[in-house]
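Student: Everything below, folded, please.
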Amino acid sequence: MSQQVHFIAIGGSAMHNLAIALHQQGFDVSGSDDEIFEPSRSRLERLGLMPDRLGWDPLRIHSGLSAVILGMHARLDNPELKRAQELGIPVFSYPSYFYERTKGKTRVVIGGSHGKTTITSMIVHVLRHAGVEFDYLVGAQLDGFDCMVKLSDKSKVAIIEGDEYLASALEPVPKFHLYKPDIALISGIAWDHINVFKTFDSYVDQFRQFIAAIEPGGKLVYCREDEEVRKLSEAPEVNVQRIGYGVPKHRIEGGVTILEVHSGDVPLQVFGQHNLQNMEGARHVCHLLGIGDTEFNAAIASFHGAAKRLERIGGNAQRLVFKDFAHSPSKLKATVQAVREQFPGRQLIACMELHTYSSLSEDFLDQYAGCMDEADRAIVFYDPHAVQLKRLPPIPSERIQRAFARPDVQVLNDPIAVIGAVREGWKEEVGVPEEGAVLLLMSSGNFGGLDLQALSEAFIA
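Tutor: Now for the predicted structure:
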């Protein structure tokens, strides 16, 4: 008889992927949520896992359940959670459940304020190329993977993207504290999630605790070019094997980044200093898992990025359009710099959305100073409705201009105005340089529902 597992708040990105993974393993999966958006909705419907109605119902919880998995979206007073507790059914956050299922395996956990999705995706790509059987939990969609969570009885390794946001209302600790890695990687530290971590020091301390959670005899791979990471990782109290990494030797030719290794050149499909750092971190992890450099280089040459991470969405010989998940100051700066270095002769129009709680907070805004200085034109969009939903006070446009420390930054709060700014800016202000132009769209949201494909076509046309 198959195990029965119920998901409270099944619509989340990782939650619905874990639900699908258990369904594929033969588990009897049920779930609930008060709202479910795309692509979760379509994916759950296709497999018959979509709740028959939205909302919470304690009658869904019964003694036949072997586990209840609680999403961060669900509160402590959730009626289904209370019923599960009354019946004594084991309740897990998805990180603690994933740990329970992989605690007999070698767990690789990738942490960091930025780059963790890309590094995890690179490792997954290489292991798959090498024919290795492994479990995984990744935060973004990858080509060739129908589900971004996998659990298998045959695998001996688990690759986990370790998010520092809180696990659940019952376990209000960063998710990456719960995985207890055998191999840990930290890519970078830059203050984020200020609604949870009120000071930079309290945020940094989460990574200190992550290092302390490494299993005895474990290994720490860290970016030595990040000052905060280096200080934490090289502290005398860290008693695991430490492996530092930086940017590998490379050159750029005709808009293509070429990795220079002892066996020859490796042309890459990704670019930017941060991606080269990510790749070097992934190489060290793969080496610890038995993948040699020759095999790693052969595999990484075909890696073209995780979804929404410097993803090309349109272009021709003259104009290119990229979108990126960048939203925090450090991500924003690294992404703008990467495009500038890759296409030095082109005009660069950078357009970002202030969308997260941190980015829309008055106390945090000044962290964005100078982040878009490398762009020829800078556009900042925010949706007043998003500000209201997060129960934050309205932000005057002048305050945003002051925060970015760039007098010519265009601040817009109408999605249609973004299309106009991109088109008119191109015609009137930028001109048409011989090398062409690049439009860079950066957000963890959707620009107030703007059709980015239409925006891309408007720019190219």
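
Student: Domain map for the protein?
Tutor: Using automatic domain parsing, the domain parsing of the chain gives 4-89, 98-300, 311-460.

Student: Just send the ones you listed back as TSV, with mean pLDDT and mean neighbour count too.
Tutor: C-beta coordinates here come from the backbone N, C-alpha and C atoms, glycine included. Converted to TSV, the domains of the chain look like this (pLDDT from 0 to 100; neighbours: other C-beta atoms under 10 Å):
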stretch	mean pLDDT	mean neighbour count
domain 4-89	95	18
domain 98-300	93	19
domain 311-460	84	18
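
Student: Can you pull the phi and psi angles for Ser32?
Tutor: phi -150, psi 160 (degrees, to the nearest 10).

Student: just wondering, since we're on the nearest residue in space to it that is not next to it in sequence, how far is it from Phe7?
Tutor: Closest residue in space to Ser32, ignoring its immediate chain neighbours: Pro51 at 5.2 Å, by C-beta to C-beta, 6 or more residues apart in numbering. According to C-beta to C-beta, to the nearest Å, Pro51 and Phe7 sit 9 Å apart.

Student: Equivalent analysis for Arg406, please.
Tutor: From Arg406 to Phe7 the distance is 44 Å (C-beta to C-beta).

Student: Ok, Ala140 next?
Tutor: As judged by C-beta to C-beta, Ala140 and Phe7 stand 20 Å apart.

Student: in a helix, that's where Glu260 is, yeah?
Tutor: No. Going by DSSP: H, G, I helix; E, B strand; the rest coil, the assignment for Glu260 is strand, not a helix.

Student: Hmm, His250 and it touching each other?
Tutor: Yes. Using C-beta atoms under 8 Å, Glu260 is in contact with His250, at 5.8 Å.

Student: which one's the longest helix in this structure?
Tutor: For the chain, the helix with the greatest residue count under DSSP state H is helix 273-288.

Student: how far out from the middle of the chain is it?
Tutor: 16 Å (C-alpha atoms, centre = their mean, to the nearest Å).

Student: Output that helix as PDB, nothing but the C-alphas.
Tutor: This file holds the C-alpha atoms of helix 273-288, laid out as PDB (Å, rounded to 0.1, in the frame of the first residue of the first chain):
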ATOM      1  CA  GLN A 273      32.400  37.300 -13.900                       C
ATOM      2  CA  HIS A 274      29.700  36.000 -11.500                       C
ATOM      3  CA  ASN A 275      28.900  33.000 -13.800                       C
ATOM      4  CA  LEU A 276      32.600  32.200 -14.200                       C
ATOM      5  CA  GLN A 277      32.900  32.200 -10.400                       C
ATOM      6  CA  ASN A 278      29.700  30.000 -10.200                       C
ATOM      7  CA  MET A 279      31.300  27.600 -12.700                       C
ATOM      8  CA  GLU A 280      34.500  27.300 -10.700                       C
ATOM      9  CA  GLY A 281      32.600  26.600  -7.500                       C
ATOM     10  CA  ALA A 282      30.600  23.900  -9.400                       C
ATOM     11  CA  ARG A 283      33.800  22.400 -10.700                       C
ATOM     12  CA  HIS A 284      35.200  22.000  -7.200                       C
ATOM     13  CA  VAL A 285      32.000  20.300  -6.000                       C
ATOM     14  CA  CYS A 286      32.000  18.000  -9.000                       C
ATOM     15  CA  HIS A 287      35.600  17.100  -8.400                       C
ATOM     16  CA  LEU A 288      34.700  16.100  -4.800                       C
END
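
Student: Need the contact partners of that helix.
Tutor: Helix 273-288 is contacted from outside by 108, 110, 114-115, 118-119, 122-123, 126-127, 183, 185, 187, 219, 221, 223, 225, 243, 245-248, 250, 257, 259, 268, 270, 293, 296, 300, 305, 310, 334-335, 337-338, 341, using C-beta atoms under 8 Å, 6 or more residues apart in numbering.

Student: run the last query once more with 6 Å
Tutor: The contact list for helix 273-288, computed with C-beta atoms under 6 Å, 6 or more residues apart in numbering, reads 108, 115, 118-119, 122-123, 126, 183, 185, 221, 223, 243, 245, 247-248, 296, 334.

Student: cool, and stretch 294-305?
Tutor: So stretch 294-305 is in contact with 122, 125-126, 129-130, 266, 269-270, 283, 286, 311, going by C-beta under 6 Å, 6+ apart.

Student: how close does the residue nearest to the spatial centre of the chain sit to Ser187?
Tutor: Of all residues in the chain, the one closest to the mean position by C-alpha atoms, centre = their mean is Thr117, 4.6 Å from it. Distance, Thr117 to Ser187, by C-beta to C-beta: 10 Å.

Student: same question, Phe207
Tutor: Phe207 is 11 Å from Ser187, where distance means C-beta to C-beta.

Student: One more: Ala461?
Tutor: 38 Å.

Student: Quick one: the strands in the stretch 351-461 of the chain, in order.
Tutor: For the stretch 351-461 of the chain, the strands defined by DSSP state E, counting those that start in this stretch occupy 377-382, 410-412, 437-442.

Student: how about those, which one is nearest Pro90?
Tutor: strand 437-442 (40.7 Å; C-beta to C-beta).

Student: Now do stretch 355-373: distance from first to last residue.
Tutor: One end of stretch 355-373 sits 20 Å from the other (C-alpha to C-alpha, to the nearest Å).

Student: oh, I was asking about stretch 50-63
Tutor: Stretch 50-63 has an end-to-end distance of 21 Å (criterion: C-alpha to C-alpha).

Student: Show me what stretch 349-364 is in contact with.
Tutor: With C-beta under 6 Å, 6+ apart as the test, stretch 349-364 has contacts from 192, 194-195, 327, 336, 372, 375, 377-382, 387, 390, 392, 439-445, 447.

Student: Check stretch 436-446 too.
Tutor: 318-327, 339, 343, 346-353, 355-356, 459.

Student: coming back round to it: anything in contact with each of Pro51 and Phe7?
Tutor: By C-beta under 6 Å, 6+ apart, the residues touching both Pro51 and Phe7 are Gly31.

Student: where along the stretch 251-400 of the chain do the helices fall?
Tutor: With helices called from DSSP state H, counting those that start in this stretch, the stretch 251-400 of the chain shows them at 273-288, 293-300, 329-342, 384-389, 397-404.
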